[in-house]
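In: Whatever this is, show me its structure:
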Amino acid sequence: MERFAWLNGEMIAALGAGVLIVTAYFVGEAGFGTASAMIYLLAFVIGGYAKAKEGVTETIRNRTLNVEILMILAAIGSAAIGYWTEGAILIFIFAVSGALETYSMEKSRKEISALLNLKPEEALRLKEDGSTERVGVSDIRVGDSVLVRPGERIPVDGTIVSGMSSIDESAISGESLPLEKGTDHEVFAGTVNLSGALTVEVNKLSSDTLFQKIIDLVEEAQSEKPPSQQFIERFESTYVYVVLGVVVLMMFLPHYLFGWDWTTTIYRAMVLLVVASPCALVASIMPATLSAISNGARHGVLFKGGSHLESLSSVKAIAFDKTGTLTEGRPAVTDLIIRDGLDRSETLSLLGTIESLSSHPLAVAIQAFAEREGAGLLQGVEIRDIPGSGLEADWERRTYRVGKPGFVGKEEATVFADGALERLGNEGKTVVFLRDDTGILALAALKDTLRPEAVEALGALRAIGIRTVMLTGDNEQTARAIAEEAGIDEYTAECLPETKVARLKELEKDYGTVAMIGDGINDAPALATASIGIAMGDGTGVALETADVVLMKNDLRRLPYASRLSGRMNRIVKQNIIFSISVILLLVLSNFLQVIDLPLGVLGHEGSTILVILNGLRLLKSGD
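Out: Modelled structure (predicted):
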């Protein structure tokens, strides 16, 4: 069925009109003029009904003329002076181009339609007695648990509490290979559970899922017109009146000025009505814009409107928030140094056990590191929290302390491991020490680590001439370390929200169009100030609402892709506009020189419309 997707209702009517035109021609050649005219009239009605209805409806609603009215008048005028065949061909090709435009719009929206089809409507909710009940997804609440069987679509955003499986996340991220996921891993609505049964605890309502966000944002984007399209539509209204005025003059002046007979004068006026119509110009932008928006959605970049997509390629600098944007947004252990002669596994078990009491992010990170290293919890450890300082613990008749240098002994901490504290501090890392009565036993260095794709993404942005700037609330030392590791061109440390806004205004003075990418509530003012605000997909609701573009799955590598996509779209739109204007000028000149007749005028005019639509559809395909 896919190969016949272009056979929408309008196309079937157009093809039916084509068959009638061929029939009418041969009937006329056989000498049945009246019958031929009746068949041509039927072809007019069948082929032209959809576009005529659209033109009349829009004229009444907007109280302004449009290109559809021009085509109706041209076809009626051709028939009125006896050129039934030419008028019918005009209707036929105009109907075909209209059907193709409808097809292009539908095709450019196919990703959102596919997403809607993938959206699960029901789920198996687990009851307290372990049985399941089938309920609507909208009835599921945060904290509920659902059972997802092999081969089923996951109906909710949540966390796996039991089971292991391969998950196909291509509908969300575009990633073609399945991901192996088990306990404590996040899963998303609309993705497919391929192998094992999973129990998933719901952490978002159905209206707030990542999947629903994609649908809402793409629908919003496809309803918004870019500035260039809005200009073309304003221009169309004025242009139509100009064409009609010139056509009226053309119906009289050539007869008196150049001595043309009345038939030739009116015929040339009808040809002018056809070839001067801006159909191709009007179709130059929206099919291309919708195709590019759909392409972006398929690759994890959601544009909230065509204007943002149009502007992105003109960005000369991008400002990045650090935490949660360039980095993972949570600390991780990067270094573990243990005093010579001590058993690594036992020391790490002790450190992890002591930290298990605390919910501080550093403690959670150390405990998680200990678990990954296979260091189990020790028994019989008595732990005490010393507010504002650290932790104390008693184990096997010894007292231990865990905390920063000031709590465990600053002098000893400074010289431990050949002064590792200073070196690690210069790298932007936070250091936690473990000591007992004999001195420092170990240190763990933690850092909010870069996202794996950050360096690659920043390098790709620099390669296309975009300057990268980091705006962070961290101190100078940490900011410098992250900037050097990531390859950022410049950075500003210790930024408050108002500092970020002020810095963005400075960047806009220096570079013109500037984008800002962030994920937190404190980034919202900067996102609103920037020429284009870009939010990470798992950012706060405020950031997502404020931003113009959203990176789903938080993949920074989508930024260079989005910039190139914007550039491709703008190039194709310019090609379409230049081509369509050139064709109009050529056809108008040819008509005045009487070297083109109505069928060729129709073919040139409508053919150019079809070509610009097909050129715009190229944006549905991936590529640079």
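In: Please make it C-alpha for all contacts and neighbour counts, starting now.
Out: Fine.
In: Now do the strands in the stretch 101-250 of the chain.
Out: Taking DSSP state E, counting those that start in this stretch as the criterion, the stretch 101-250 of the chain contains strands spanning 122-126, 132-136, 145-148, 158-162, 165-168, 179-181, 186-187, 192-193, 198-202.
In: where in the stretch 251-400 of the chain is pLDDT low?
Out: For the stretch 251-400 of the chain, the stretches with pLDDT under 70 are 388.
In: can you give me the helices for it?
Out: Under the criterion DSSP state H, counting those that start in this stretch, helices of the stretch 251-400 of the chain are mapped to 253-257, 262-275, 279-282, 286-298, 306-312, 344-355, 361-372.
In: Just name the most buried of these.
Out: A comparison of these by mean neighbour count, using mean count of other CA atoms under 10 Å, puts helix 286-298 on top with a mean of 27.
In: Report all helices and strands that that helix contacts.
Out: With contacts taken as 3 or more CA pairs under 8 Å, 6 or more residues apart in numbering; DSSP states H and E, helix 286-298 sits against helix 84-108, helix 110-118, helix 210-222, strand 301-303, helix 306-312, helix 558-592, helix 598-617.
In: Residue 251: which of those is closest?
Out: helix 558-592 (12.4 Å; CA to CA).
In: pLDDT of the closest one, averaged?
Out: Summarised as a single mean, pLDDT over helix 558-592 is 91.
In: what's the answer for stretch 187-197, then?
Out: Here the average pLDDT along stretch 187-197 is 83.
In: Kindly state the domain boundaries assigned to this structure.
Out: 2-110+221-291+566-620, 141-204, 329-449 (automatic domain parsing).
In: quick revisit: just name the most buried of the helices and strands packed on helix 286-298.
Out: Sort these by mean neighbour count, taking mean count of other CA under 10 Å, and strand 301-303 sits at the top with a mean of 29.
In: Direction included, what does that one pair against?
Out: Using DSSP bridges, the strands paired with strand 301-303 are strand 549-551 (antiparallel).
In: starting at the chain centroid, how far to the partner strand?
Out: For strand 549-551, the distance from its own C-alpha centre to the chain's C-alpha centre is 6 Å (CA atoms, centre = their mean, to the nearest Å).
In: So for stretch 379-393, what gets flagged as buried?
Out: Neighbour-count burial for stretch 379-393 flags 381, 383, 390, 391, 392, 393 (criterion: 16 or more other CA atoms under 10 Å).
In: Please report how far the first one lies from residue 400.
Out: Translated: residue 381. Using CA to CA, to the nearest Å, residue 381 is found at 10 Å from residue 400.
In: Common neighbours of the two, please.
Out: Contact criterion CA atoms under 8 Å, 6 or more residues apart in numbering; residues shared by residue 381 and residue 400: 393, 394.
In: before we move on, the earlier item: can I get the domains of the chain in CSV including distance to residue 547?
Out: Compiled in CSV, those are given as follows (distance: least, CA to CA, whole Å):
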stretch, distance to residue 547
domain 2-110+221-291+566-620, 13
domain 141-204, 19
domain 329-449, 19
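In: Surely residue 534 is within a strand?
Out: Yes - using DSSP: H, G, I helix; E, B strand; the rest coil, the assignment for residue 534 is a strand.
In: Would you quantify the distance from the spatially most central residue of the chain to residue 548?
Out: Nearest to the mean C-alpha position of the chain, by CA atoms, centre = their mean, lies residue 302 at 2.0 Å. Distance, residue 302 to residue 548, using CA to CA: 9 Å.
In: And residue 394, by the same measure?
Out: 54 Å.
In: Have a look at these two and say which one is more surrounded.
Out: Neighbour totals were compared for residue 394 and residue 548, and residue 548 leads with 25 against 16 (other CA atoms under 10 Å).
In: from what I can see the more buried one touches residue 307, true?
Out: No - Residue 548 is beyond contact range of residue 307, at 9.4 Å (criterion: CA atoms under 8 Å).
In: what is the rounded mean pLDDT of stretch 617-624?
Out: 74.
In: Now do the strands in the stretch 401-550 of the chain.
Out: 430-436, 439-450, 467-471, 490-492, 514-518, 532-536, 549-551.
In: and the second one, which residues are buried?
Out: Right, the one you point to is strand 439-450. Buried residues in strand 439-450 (16+ other CA under 10 Å): 440, 441, 442, 443, 444, 445, 446, 447, 448, 449, 450.
In: partners of it in the sheet?
Out: strand 327-338 (antiparallel), strand 430-436 (antiparallel).
In: burial measure for the residue lying closest to residue 95 once chain neighbours are set aside, as a count.
Out: Nearest non-adjacent residue to residue 95, counting by CA to CA, 6 or more residues apart in numbering: residue 14, 5.4 Å away. Close neighbours of residue 14, defined as other CA under 10 Å, add up to 27.
In: re earlier: would you list the strands of the stretch 101-250 of the chain in TSV and tack on mean neighbour count and distance to residue 486?
Out: Listed next are the strands of the stretch 101-250 of the chain as TSV, based on neighbours: other CA atoms under 10 Å; distance: least, CA to CA, whole Å:
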stretch	mean neighbour count	distance to residue 486
strand 122-126	21	43
strand 132-136	14	45
strand 145-148	24	39
strand 158-162	20	31
strand 165-168	20	30
strand 179-181	15	27
strand 186-187	19	27
strand 192-193	25	34
strand 198-202	24	35
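In: got those as a markdown table, with distance to residue 75 columns?
Out: What follows is the strands of the stretch 101-250 of the chain, written out as a markdown table (distance: least, CA to CA, whole Å):
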| stretch | distance to residue 75 |
| --- | --- |
| strand 122-126 | 53 |
| strand 132-136 | 54 |
| strand 145-148 | 60 |
| strand 158-162 | 60 |
| strand 165-168 | 53 |
| strand 179-181 | 59 |
| strand 186-187 | 58 |
| strand 192-193 | 53 |
| strand 198-202 | 61 |
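In: Can you say which of the ones you listed is nearest to residue 319?
Out: strand 186-187 (28.8 Å).
In: Which residues does the closest one contact?
Out: 154, 156, 157, 158, 159, 160.
In: That one pairs with which strands?
Out: Applying DSSP bridges, strand 186-187 is found paired with strand 158-162 (antiparallel).
In: Off-centre distance for the strand it pairs with?
Out: 28 Å.
In: Now do it against strand 198-202, angle only.
Out: In terms of direction (axes from the mean of the first three to the mean of the last three CA atoms, to 10 degrees), strand 158-162 departs from strand 198-202 by 140 degrees.
In: and the gap between the nearest residue in space to residue 134 that is not next to it in sequence and residue 197?
Out: Leaving out its chain neighbours, the residue that sits closest to residue 134 by CA to CA, 6+ apart is residue 124, at 4.6 Å. Between residue 124 and residue 197 the computed distance is 12 Å (CA to CA).
In: Mind listing the shared neighbours of the two?
Out: Residues touching both residue 124 and residue 197 (CA under 8 Å, 6+ apart): 147, 148.
In: how far away is the spatially closest residue to residue 371 that is not a sequence neighbour from residue 498?
Out: Leaving aside its sequence neighbours, residue 371 sits nearest to residue 352 (CA to CA, 6+ apart; 8.0 Å). Using CA to CA, residue 352 is found at 39 Å from residue 498.
In: Same check on residue 612?
Out: Taking CA to CA as the measure, residue 612 falls 46 Å from residue 498.
In: Repeat that for residue 571.
Out: For residue 571, the distance to residue 498 (CA to CA) stands at 37 Å.
In: and what of residue 131?
Out: Distance, residue 131 to residue 498, by CA to CA: 53 Å.
In: Neighbour count: those two, which is higher?
Out: residue 498 (13 against 10).
In: sorry, back to before: for residue 508, which of the helices and strands packed on helix 286-298 is the nearest?
Out: Nearest of the helices and strands packed on helix 286-298 (CA to CA): helix 306-312, 13.9 Å.
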